[in-house]
Every structure is written in structure tokens, then in C-alpha cells.
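# for reference, the sequence and a predicted model appear below.
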Amino acid sequence: MGAAVEVQALKKVYVQGLGRREIRALDGVSFRVESGELFGLLGPNGAGKTTAVKILLGLTHPTEGEARLQGLSASDPASRRGVGYLPEGHRFPGYLTARETLRVFGTMSGMSREALARRVPELLARVKLADWADVKVKKFSKGMTQRLGLAAALVHDPDVLLLDEPTDGVDPVGRREIRDLLREEAARGKAILLNSHLLSEIELTCDRVAVLRKGRLAAMGTVEELTAGARPGDLKNAPKGYKLVASGLDEAMIAAVRATGAGAESVNGHIRLSARDLHHLNELVDMVRARGALLVELSPEKNSLEDVFVDLVRAAEPASGPLFSPSRKSDVTA
């Protein structure tokens, strides 16, 4: 059995207007999500994220390529029996209570009354809604509605979760609680595909990330790989910038560092170094210590996921394939 979620060379072309103009929502996108993995799908509006999820849910069909869930074609209704879905901006009937809402979703998923009697209280406690179990949903805040939506996606204990903006409208404490819950579910073997505009949440939550741009895969890899400090198109190279904090730093020491061919600038009480390679970096550290400075910190400078995302979205269209892709053999690139 392959990956829990697999998208292979997916293309989706819409034909618009009397002129039959073609719009490529997806143009050869490939990625896979393994069981136990948290995978982030990113991209600006119109990048193709929603189209990819619609294809996985069988709501639309690809023009070319293939999408599979748990080894079954996404066009097969049986593939969705083990899927939990949280759409963006979901709404529940206001006259239902939280408990009743989960019973409805569980019943639609084929759960028995006995199973729901056990599962519903457990889930409400996990999403911190136990005290609101019998309160009508119309009285819920946006954050509470979001928590209930996550519980509804989880009610039948699916193997795959497709989540669209799961922390939207949730306060910082709630966002951390949801991150912890998702990690717990991943640890239990669930494959989780997360779609969010909150890049800081993706950075804190996901194991790997794919960035879509104009229907194509612009980059894919672990968060650590993507934020390692290199620029798009050169992401596979080691970071060249380092933050060095030491006692006794002065202009004479910075000048000595520069004399070796390194870049060095003083920034808020520390030196930002730019070394040719790791050997050069070690020579610089030895030089600083030999001059009587006490090393306090040395760390590679990293971009935030937001920095990487903005650069990738603004970058020129790649000639073929993603600007960055992981080296793992299990990954499929466009």
C-alpha cells in the first residue's frame, strides 16, 4: 500500500467563456502524504489548493493525472469513507447543540448509537467544549465553532484528515491546543493535509510543506529545508549567514574578520557573519576566541516560512519542476 494521500501529475483545465479560453488551475502537480505525517499545502489565492482538495474529495475530476486516498482512486466513493474534512467557513445549524451536531455527523458516517455515546463526550473534551456540550451552536463564538468543526471531522476516527484553515478565529491558546491535538492524531498514524494562510501555524505544525504557484509546484520539503537560509532556486545549498554573539566584540575585531574575506556587520550587539564554508566559519570562530572574546552563541540564520513563501510566489516561473524538492526517494515531484 502506498501513501495515504497521493497526487500524481495532476492537471485541471477549465474552459471559460465563448472564446473557450483555457484556465489551468493545476498544471502537473505531484505530492504525497504518508500516514503519520502533517503536510502543509500553501499558495496564494488562485494557486490551485482548493482545486486539489476538491479532486481528492471527488467534487471535481482531473483533466489529467491521478489522485488516490488510501490506495483507492479519488473518483471511487469508497476512498472517502476514511476521510475527515473541515472546510473553510463551515456552518452548523444554530438550533443544534454541540452534542447533537457530532451525533448527526457520526450517524452520516455510519457510526452506531453505542459508538457515538462513547465517542462524542471524548471528542468534546479534547476540543475543550465539554462544558458547552448541550448549548446551541448559534451561541458559539467563531473559535468555538472552529473547534466543533474539527471534532466533526474527527468523529468517525478517519485515517486521513483534510483541514482547511483549522485555527481560523481561534485564540493563541486555542491554536496551541489544536496543534497539540493534530500532533496526537498524526502520532496515531493519521495522514493530515493542512491548508492555511496562517504561515506561522504551518511552520509550527507541519512536517513537510508544498507551495503552489499558478497551478504548479514551486517548492516542497521539510520546514527546516525550506527555511534553511538559502534563497529560492538555491535552497539545496547550506546557509551562508550566521549569527555570532560574543563578549568583547569591537570594530577592530570586525575588521579582522572582514580581512579574511568574510562578510561581517554589527547588528544589535552581535555580528552577522557570511562565511565561504564551514571550514572558513571555524577559522573565524577560532580568530574571535583567540582575540579574547567569549563565544555566547553561534547559530545559522534562517528565513521564516513567510519569507520563503513570499519569495517563491514572487519568483519567476520555473522552467520545469519545482524550485526546490526534497531528496527523499519516497517523494514525487512535478
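In hand now; what should we look at?
# and the most centrally placed residue in the chain, bridged to which residues?
Centroid-nearest residue in the chain: G40, 2.1 Å away (criterion: Cα atoms, centre = their mean). Beta bridges link G40 to L194, V209, judged by DSSP bridges.
# now do the same contact list for it.
Applying Cβ atoms under 8 Å, 6 or more residues apart in numbering to G40 gives the contacts 194-196, 202, 205-206, 208-210. C-betas here are computed from N, CA, C, even on glycine.
# save the residues you listed as CSV, and put in neighbour count and pLDDT too.
Shown next, in CSV, are the contacts of G40 (neighbours: other Cβ atoms under 10 Å; pLDDT from 0 to 100):
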residue, neighbour count, pLDDT
L194, 25, 94
N195, 22, 89
S196, 21, 82
I202, 22, 88
T205, 24, 91
C206, 25, 94
R208, 22, 94
V209, 27, 93
A210, 30, 93
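# can I get those residues in TSV with distance to Q70?
What follows is the contacts of G40, written out as TSV (distance: Cβ to Cβ, whole Å):
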residue	distance to Q70
L194	18
N195	19
S196	23
I202	24
T205	22
C206	20
R208	19
V209	22
A210	20
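# closest to D27 among the residues you listed?
A210 (14.0 Å; Cβ to Cβ).
# ok, for that closest one, nearest residue in space, not its chain neighbours?
M220 (4.3 Å; Cβ to Cβ, 6 or more residues apart in numbering).
# cool, and R289?
Counting by Cβ to Cβ, 6+ apart, L295 is the residue found nearest to R289 once chain neighbours are left out, at 6.1 Å.
# what helix or strand is that neighbour located in?
Per DSSP states H and E: L295 is located in strand 294-300.
# what about the strands in the protein?
Assigned by DSSP state E, the chain shows strands spanning 5-16, 21-33, 38-42, 64-69, 72-73, 83-86, 160-164, 191-195, 208-213, 216-222, 241-247, 263-267, 270-274, 294-300.
# what does the last one contact?
In other words, strand 294-300. Counting by Cβ under 8 Å, 6+ apart, 228-229, 239, 241-248, 270, 285, 288-289 sit against strand 294-300.
# partners of it, with directions?
strand 241-247 (antiparallel).
# tally of neighbours for V310?
15 (other Cβ atoms under 10 Å).
# report pLDDT for it.
In this model, V310 is scored at 82, pLDDT.
# C-alpha coordinates for stretch 186-196, CSV please?
Taking Å, rounded to 0.1, in the frame of the first residue of the first chain, the C-alpha atoms of stretch 186-196 are listed here in CSV:
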residue,chain,number,x,y,z
ALA,A,186,-0.5,12.2,13.5
ALA,A,187,1.3,10.1,16.2
ARG,A,188,-1.7,7.7,16.0
GLY,A,189,-1.0,7.2,12.3
LYS,A,190,-3.3,9.7,10.6
ALA,A,191,-2.2,11.5,7.4
ILE,A,192,-3.1,15.2,7.8
LEU,A,193,-3.2,17.6,4.9
LEU,A,194,-3.4,21.2,6.2
ASN,A,195,-4.3,24.2,4.1
SER,A,196,-3.9,27.5,5.9
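# flag the shaky bits of the stretch 101-250 of the chain, pLDDT-wise.
The model of the stretch 101-250 of the chain has pLDDT under 70 over residues 229-240.
# could you redo the last one with a cut-off of 50?
230-239 (pLDDT under 50).
# contacting residues around L305?
199-200, 202-203, 209, 223, 226-227.
# that one - nearest residue in space that isn't next to it in sequence?
Closest to L305 by Cβ to Cβ, 6+ apart is E203, at 4.1 Å.
# any idea how far the one you found lies from E185?
19 Å (Cβ to Cβ, to the nearest Å).
# more neighbours, these two?
E185 (21 against 18).
# might one say that the more buried one is in contact with L194?
No. When contacts are counted by Cβ atoms under 8 Å, E185 is not listed as touching L194 (11.3 Å).
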